[in-house]
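A.B. asks: can't give you the sequence, but here's the structure:
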């Protein structure tokens, strides 16, 4: 007599008082099923394992993680699939992070979702063959996760944070038409920032705006870089860059704009709350949902990452700081205020 026991996704057979032939049949069955851990069965629905790798425990990533899980859960019924999640949050140590990822990959998930650049870089370094989607990054080509935006060509596809730089600059220009020269701090040698600034420069020229970019290599460079911009820029722009978005650089840039009495184009609602005039940023939760939509297509077998074009944000958030505008003696256009998703009243 045999009893089938299911524990998680592994199948164990308990048996007693059976013939040698029956024992051999059961052992063969066990070997067959244990060789297919990526997809188990629960009734008539397949069970898909999803590994979510988050670059850090920063709250910055949480809306995207939630949007991804909610979006994929909504789509599981349509795909006749039950989902199982493992969430791995990296601690910043390359060695321990790589070891942790390898351990989870040995469980053979159906799909991996990476949130943030560090998670992508770590997974790329392991040359995993498991289909993967990325989210909350700027440039997958510079990170080695895709051959091109149009046709990634490997195991990765997904979404980027890139809100068109021209649209961001245009928003600043609508808020303050006097802006013609925009200062930017960026990390020397960072490929993502370099690629972004190259595109931004082209789009700035179309708006008759000059970008004045200053590279920094450490916190010691921040003050001198900002001082070199004094009197030479009409605004500052915070871009998604490692050095320029850390607390020291953000604080110094905010103080600089106050001293120079010029506006700052922010990166997110948080930077606007800290004193930037405006920001046009992705809706991070919706970006997670777009990534889930792509993941569902891969899980259903309709497409592979290699052939799925990388997508940008589907929805953006316009944030305006009224107090900052008042301090700058700017009268913001009513049309811009009506378009705002979030208006901050405090300084």
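C.D. replies: It's in. Source: prediction; values computed, not measured.
A.B. asks: Quick check: mean pLDDT of stretch 296-316?
C.D. replies: If you average the pLDDT over stretch 296-316, you get 94.
A.B. asks: The protein: helices as residue ranges?
C.D. replies: For the chain, applying DSSP state H gives helices covering 20-34, 62-75, 94-105, 117-125, 165-175, 191-206, 222-227, 247-260, 269-273, 284-299, 322-327, 334-339.
A.B. asks: Show me what the second one is packed against.
C.D. replies: Helix 62-75 makes packing contacts with strand 45-54, strand 81-89, strand 111-115, strand 132-137, helix 284-299 when contacts are defined by 3 or more CB pairs under 8 Å, 6 or more residues apart in numbering; DSSP states H and E. For glycine as for every other residue, the C-beta is placed from the backbone atoms N, C-alpha and C.
A.B. asks: How many residues are close by residue 276?
C.D. replies: If you count neighbours by other CB atoms under 10 Å, residue 276 ends up with 30.
A.B. asks: doesn't residue 264 make contact with it?
C.D. replies: Yes. Proximity of residue 276 to residue 264 meets the contact threshold set by CB atoms under 8 Å, at 4.3 Å.
A.B. asks: which residues do those two both contact?
C.D. replies: Where contact means CB atoms under 8 Å, 6 or more residues apart in numbering, the residues bridging residue 276 and residue 264 through contact with each are 238, 254, 324.
A.B. asks: gap between stretch 254-270 and the chain center?
C.D. replies: How far stretch 254-270 lies from its chain's middle: 24 Å, per CA atoms, centre = their mean, to the nearest Å.
A.B. asks: mind listing what's buried in that stretch?
C.D. replies: Using 16 or more other CB atoms under 10 Å as the test for burial, stretch 254-270 gives 254, 256, 257, 260, 262, 263, 264, 265, 266, 267, 268, 269.
A.B. asks: which other residues reach that stretch?
C.D. replies: 168-169, 171-172, 175-176, 179, 182, 226, 229-231, 233-240, 245, 253, 271-272, 274-279, 281, 317, 319, 324, 328, 330, 342, 344.
A.B. asks: That stretch spans what distance, first to last residue?
C.D. replies: Terminal residues of stretch 254-270 lie 13 Å apart, using CA to CA, to the nearest Å.
A.B. asks: do the same with stretch 101-109
C.D. replies: Using CA to CA, the span of stretch 101-109 from its first residue to its last is 11 Å.
A.B. asks: Since that was my last question, I'll sign off now.
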